[in-house]
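1. got a structure for you, letters missing:
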C-alpha cells in the first residue's frame, strides 16, 4: 500500500459523519416522517443527487447557481449540480412521465440536499429534508391537506399545538397589494425580498424599506386575512387544526410559489424561528414545456427537527439493533457460540458473537459500551450443563435458562 | 419565473430516477439486507458522499482518483471527491474515534457510491452498496462470519445454495507464490492485475501473461488450497454453509486486502459472473497514523442484486403504502371524505382522499393506476346511511360496512 503521509480523519468541511448513535437518530426522524406521511396516502420516490445544472438555471439566477450550489463540469463537458433542493427534481420527474401518471399524485422523499455555505459554525453544507408534494389539484383542499400533513408530522414527533404555530401568507394578497401601490415587477421583487428579511431586520429598517417602495406600512400592521387564507384556516379548523393563522409577512424565499405559502414556527420565546415551510406552486412544469399542473408541498429539514426535539428532550435514547452479546471464556469456543447465536437468530433475535480476541472482562465491557442489552457467557460449564445465564447489563440482573428456553426469553421481552 | 427556454426532463447521464415502483424495489432490497445483517449484530452508520480527495490518494494511484472518480475543487480550494467506495470512509471514521470505540465492532451501511464511467449502456455512475465490516478481530472466525453474513443475505433474498457459489482466494497464497517465483514487488502487482483480468481474457492470454512473469502455469491449474482457505472452508461448513471453495484466481481489485478474499458468483451458466465480494484488510488504519486494526468486510451492489433477483422472478410485485382511496361524488364532499379518512388513519390505515378535481370514474381509475387496493366512494347517500361500500379494485368484490366497521375491516386484512 503506497502510503503518502498521514491522512486526516476529519470529514469534509460542513458535512456530518453518522456513527451508529447518530444514525439511530436519523432513522428515528425518517421513520417518524414516513409513518405520518404514508398515513395520508403518499408514496416514496427518490433520485440521484446529481442533476444537470440547467435544472436550477431555469428558475434561479445565474449567481445563486454558481455561488450557492456545488456545480462542476464533468469530463463529458456537462455541468452537474449537487441538488440544493428537491422541488425541481420532482417537477422534472413528473414532467417526464406526465402522460403515464394519473392525478392527484401524492409523493414524498427524504433526500439529502447540498448548499455551498461559507464555512462557519453550525452552517451545514449537506442536510436531509422530507419533501411532501401533492400534484394535480387546484382545490384549496390540497393546500389544507399539505398543511394537515405537516401538522401530523409534528404531532408524530410528540409536539402539541402549543409547541408550534402555522403562519400562512398569500402570494395573491401580496400581488394585490403591489398592484394597489402601483409597483413595477422589479419593485415587487424588492418587496418580496424585504418581507423575507423582515425577521432579521429592525422595525425601523422594515418601515424605511416599505417607505422607499411607496407601500404604506399600515398594509402590514394587522391586515385582515385575504379570502384564500381565511377559508384555508377554516378548512384546517374543520380538520381539528387550531394553531394556524394569517401572517402577511410570510413570503418564502423561492420564486416558484404561486398561491398560499406557510411556515411552521417554534413557539419557544428563546427560539421563535421558522422550522420549515411550503406552499402552492402551480407553474413549475411549464419549465419543461408541459402544461401547468397545480401543485402544493413542503420541505422539513433534519437538522431543524433534531434541534426542535433535542431542546425538548424528545430524542429517544440510543438502542442498538443487537439484543444479545455472546461472550466466550476461550477462543476455542467461538464455533460453539456461533452455533448458539444461529439458534437465537432463528428465533428472530439479533445476536453478536465475541470472537475471543480479548479477555472475558473486556468482552463484557464491549457489549456494555455498545449498549447491547443482554449478555450470555458461553463457557465449558454452560455448554456441558446446557444452562446459560442471561445478564441484563443495565441492571446486572441474571436469569438462568436452558438452551431451548433462550429463544422464547427474547420473544417475550417488552 | 424567469423561463429561459425549455428544460430537459432527462436525469443526469448514468444515474437513475426512482419512481415509487422503482423505489419500492430499492426499499425491499435495503430492508432485506438490513434484516439479515442486523441478525448478526451489525449496527448501521452513515456518512456524507463528500470526502476530501486525499482520502483516496492515500491508497489509490493519482490516475484512478482523477480519471475514475468525481473529483472537483470547491471554492475554498479544497479537493472534494464523491465517494467511489465506502471502505476508506469507515476506516476514517474508526480511526477518528479509535480511543472511544471498543472492539470487535460490527458496522454496516447502504451508501450510494459514484464512479466516473464513460457514458455507455448499462454502466451506471451511481449505485447503492451494502457495506458490512467487522473491526478488531484477527481471528479466522471473523473471516468466517463475514462470509456467513454474505451467505445469510443471499438466503434472505430467497436464494438457495445452488444459485450461487462462494469462491475464496488468499493473498497469503499469492504472496508465497510470488516469493517462490522470485517476483519483484512490481511484478507481484502485475500478477495481481493479470489474475484480476483472468475472467475477461482467453486461456492463452492468461498463460502468456504468467510466462512473461516467470510464474509456472501449473501454480494455477487446480492448486491445493492453502491452510488459511482450507480452515475457512471447514469453519463455514461447521456453520452449515456448503457452497464455498478455494479459487486461486480470486484476488479482488483493491490494493488494501491482506488475507483471504472472496467473491460470490452467480451459478447460472449464462451469467456466471461475480455478484459481489470482500475480504480481510488489516492495515487500512495505518493511513491515518493509527496502529493497525484487523478488519474484514464485503460490499454488495444494488444493481447486481436487482439483476440476480429479476432474472429469477424474485422481485416482489409493487404494493403502494396506501391501502384505501376515498373517491367523492362531488367536490363539496371532500371535507366529509377527509373526516372519514382521519377516522381510518386513527385505526392505522393509510388512506388517500381524492380532492374532487375530476369525475368519479377518473378518480377510480387514478386509484387503480396507482395500485391502491381498496376504494371507498363517499357520496350523499353513503353519508346519510352511514354505510360504505369497500371495493377491492383487483377483483371488483365489494363489502358494505358501517362507518364504525371500516377500521376493523382493514385491521383484519391478511
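-> Arrived safely, thanks for sending. Being a predicted model, the structure only gives us computed values, none of them experimental.
2. quick one: contacts for the residue of the stretch 251-400 of chain A found nearest chain B?
-> Using CB to the nearest CB, the closest approach of the stretch 251-400 of chain A to chain B is made by residue A:352 at 2.5 Å. For every residue, glycine as well, the C-beta is placed using N, CA and C. By CB atoms under 8 Å, 6 or more residues apart in numbering or on different chains, the contact list for residue A:352 reads A:322, A:324, A:325, A:326, A:341, A:367, A:372, B:40, B:41, B:42, B:106.
3. next step: these restricted to helices.
-> Among these, the ones falling in helices (DSSP state H) are A:341, A:367.
4. take the contacts of residue A:352 and write them to TSV, including neighbour count.
-> Converted to TSV, these look like this (neighbours: other CB atoms under 10 Å in any protein chain shown):
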residue	neighbour count
A:322	24
A:324	24
A:325	26
A:326	25
A:341	27
A:367	25
A:372	22
B:40	25
B:41	28
B:42	25
B:106	28
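5. kindly indicate which of the contacts of residue A:352 lies nearest residue A:295.
-> residue B:42 (40.4 Å; CB to CB).
6. that closest one and residue B:129: what is the separation?
-> Counting by CB to CB, to the nearest Å, the gap from residue B:42 to residue B:129 is 15 Å.
7. ok, and what's touching stretch A:381-389?
-> Outside stretch A:381-389, the residues that touch it by CB under 8 Å, 6+ apart are A:333, A:336, A:340, A:376-378, A:398-403, A:406.
8. let's see that with 10 Å instead.
-> Contacts to stretch A:381-389, defined as CB atoms under 10 Å, 6 or more residues apart in numbering or on different chains, come from residues A:326, A:329, A:333, A:336-337, A:339-340, A:375-379, A:398-406, A:409.
9. got the contact list for the closest residue to chain B within the stretch 1-150 of chain A?
-> Going by CB to the nearest CB, chain B is nearest to residue A:41 of the stretch 1-150 of chain A, at 2.5 Å. Shown in contact with residue A:41 (CB under 10 Å, 6+ apart): A:104, A:106, A:134, A:145, A:149, B:320-326, B:341, B:345, B:350-354, B:367, B:370, B:372.
10. do that again at 7 Å, thanks
-> Contact partners of residue A:41, counting by CB atoms under 7 Å, 6 or more residues apart in numbering or on different chains, are A:106, B:322, B:350, B:351, B:352.
11. wait, residue A:283 sits on residue A:292?
-> Yes. Here residue A:283 reaches residue A:292: they are 5.0 Å apart, a contact under CB atoms under 7 Å.
12. comparing the two, which shows the higher neighbour count?
-> residue A:283 (17 against 13; other CB atoms under 10 Å in any protein chain shown).
13. secondary structure element for residue A:191, which one?
-> Element membership for residue A:191 (DSSP states H and E) is helix A:185-197.
14. so what touches the following helix or strand past that helix?
-> Later in the chain than helix A:185-197, the nearest helix or strand by DSSP H and E is helix A:203-213. Here helix A:203-213 makes contact (CB under 7 Å, 6+ apart) with A:183, A:187, A:190, A:191, A:194, A:198, A:217.
15. distance between helix A:203-213 and the chain's centre?
-> Put simply, helix A:203-213 sits 35 Å off its chain's centre (CA atoms, centre = their mean, to the nearest Å).
16. that one: which residues count as buried?
-> Neighbour-count burial for helix A:203-213, counted by 16 or more other CB atoms under 10 Å in any protein chain shown, picks out A:206, A:209, A:210.
17. now do that helix against helix A:185-197, angle only.
-> Relative orientation of helix A:203-213 versus helix A:185-197 (axes from the mean of the first three to the mean of the last three CA atoms, to 10 degrees): 170 degrees.
18. show the average pLDDT along whichever helix or strand comes after helix A:203-213.
-> Where DSSP H and E defines the elements, the next helix or strand beyond helix A:203-213 is helix A:227-238. For helix A:227-238, mean pLDDT rounds to 95.
19. what's next to whatever helix or strand comes next after helix A:227-238, contact-wise?
-> Going down the chain from helix A:227-238, the next helix or strand is strand A:244-246, by DSSP H and E. By CB under 7 Å, 6+ apart, the list of residues contacting strand A:244-246 from outside reads A:147, A:166, A:167, A:168, A:225, A:229, A:233, A:236.
20. next structured bit after the helix or strand where the second one lies?
-> Assigned by DSSP H and E, residue A:166 falls within strand A:164-170. Beyond strand A:164-170 in the direction of the C-terminus, DSSP H and E gives the next helix or strand as helix A:171-180.
21. that following helix close to chain B?
-> No. Judged by CB under 7 Å from any CB of the partner chain, helix A:171-180 stays clear of chain B, getting no closer than 12.0 Å.
22. give me the buried positions along the helix holding residue A:191.
-> Along helix A:185-197, these residues count as buried under the neighbour rule (16+ other CB under 10 Å): A:187, A:188, A:191, A:192, A:194, A:195.
23. quick check: the first one vs residue A:217, distance?
-> Yep, that's residue A:187 we're talking about. Following CB to CB, the distance that separates residue A:187 from residue A:217 is 16 Å.
24. got it, and residue A:41?
-> Residue A:41 is 44 Å from residue A:217, where distance means CB to CB.
25. and residue A:397, by the same measure?
-> Residue A:397 sits 68 Å away from residue A:217, going by CB to CB.
26. more neighbours: which of those two?
-> Using other CB under 10 Å, the more surrounded residue of residue A:397 and residue A:217 is residue A:217, with 13 against 9.
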